[in-house]
Structures are given as C-alpha cells and as structure tokens.
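Asks: Sequence first, predicted coordinates after that:
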Amino acid sequence: MRVLVIHGPNLNLLGERQPEVYGTATLAEIDAFIASLARELKVELDSVQFNGEGEIISAIHDARTRYDGIVINPGAFAHYSYAIADAIASVSIPVVEAHLSNIAAREPHRRISVTAAACAGSVSGFGRNSYALALRAVVNLAEK
C-alpha cells in the first residue's frame, strides 16, 4: 500500500512559525514521525510540501493512479480553496485531512474547512499525532 502526505503552504516553516500554535517540531521531524508509523503499518509513504495551490491540485491528480490514499494538511487553503476541494472530490482514493492545531478553536476565518467536506474525514488539534491518526484512518479506508 502507498500513501502520499501533502503538506500545504507555510508548513515548511514549522518549528519557527508560531510555535505556540503549531508546536516546535520541524516539518522534517513530523515527516520522520509519520514515516516511522508507516513502517510499522507496512505502508510506503511519500511526503511533499507545496506553497502553491496549483502544485497541491496537481499532486492530488497525480496521486490517483500512483497511491492508495492521501493525507493532506492544506494549511490556510483549507479555509477557502474550492479548487483543492474539487480536486479531492475528483479522485477515487480516500483522502483524510489533518491539522496540527484545533481549527475549530482558532480565529473565526480558520474555523471552517471547505476542503474537509470533500475528504473522508478530518483530524485536528493533536499536533503531529493528527497526522498519525489521519494515516491510520486512510490506511483503514484504503484496505476496505
């Protein structure tokens, strides 16, 4: 089984960007954490990070024939990118959204995720464990 993890805009700055909100772990540390879980689950895992909306859409499109599922943290795009939501809805593989922070407890403009509605499910508020929970969920969905 193969899973793609897509990290959205500004996540390349994890560890230095608002650590009080996103924690002190770097993107490389989060990738290593979820890669370790993937090995336990016997899952091939690739992780990518894009700051551009079009790059994320292309990665979703490309994943439909190369992966069994996607874990995505669309970052701020979660709150307004109907284009990413449409891309997610266009693929037949399961997609699970993950957020480090609890978006429901954030500023009003961050409380709604338009991309989550296109996903099989969404996990938020558990720091790097949001990715682990999302990975477990997408593996479970892909196995069905």
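Replies: Received it, and whenever you're ready, just let me know what you need.
Asks: Wait, residue 102 touches residue 123, no?
Replies: No - applying Cβ atoms under 8 Å as the test, residue 102 and residue 123 come out as separate, 10.3 Å apart. Using the backbone N, CA and C atoms, a C-beta is placed for each residue, glycine as well.
Asks: which helix of the protein spans the most residues?
Replies: Of all the segments of type helix in the chain, defined by DSSP state H, the longest one is helix 128-143.
Asks: what does that one contact?
Replies: Surrounding helix 128-143, the residues in contact under the criterion Cβ atoms under 8 Å, 6 or more residues apart in numbering are 1, 3, 5, 23, 25, 29-30, 33-34, 37-38, 41, 43, 45, 68-71, 73, 93-100, 120-121, 123-124, 126.
Asks: From the residues you listed, list just the buried residues.
Replies: Burial by neighbour count, 16 or more other Cβ atoms under 10 Å: within the contacts of helix 128-143 this picks out 3, 5, 23, 25, 30, 33-34, 37-38, 43, 45, 68-71, 73, 93-100, 120, 123-124, 126.
Asks: Among the residues you listed, which lie within strands?
Replies: Among those, DSSP state E puts 3, 5, 45, 69-71, 73, 95-99, 123-124 in strands.
Asks: can you put those in CSV and add distance to residue 107 and pLDDT?
Replies: Rendered in CSV, the data for these read as follows (distance: Cβ to Cβ, whole Å; pLDDT from 0 to 100):
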residue, distance to residue 107, pLDDT
3, 31, 98
5, 25, 98
45, 32, 98
69, 30, 98
70, 27, 98
71, 24, 98
73, 17, 97
95, 25, 98
96, 24, 98
97, 18, 97
98, 19, 97
99, 13, 94
123, 20, 97
124, 14, 94
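Asks: All set now, cheers.
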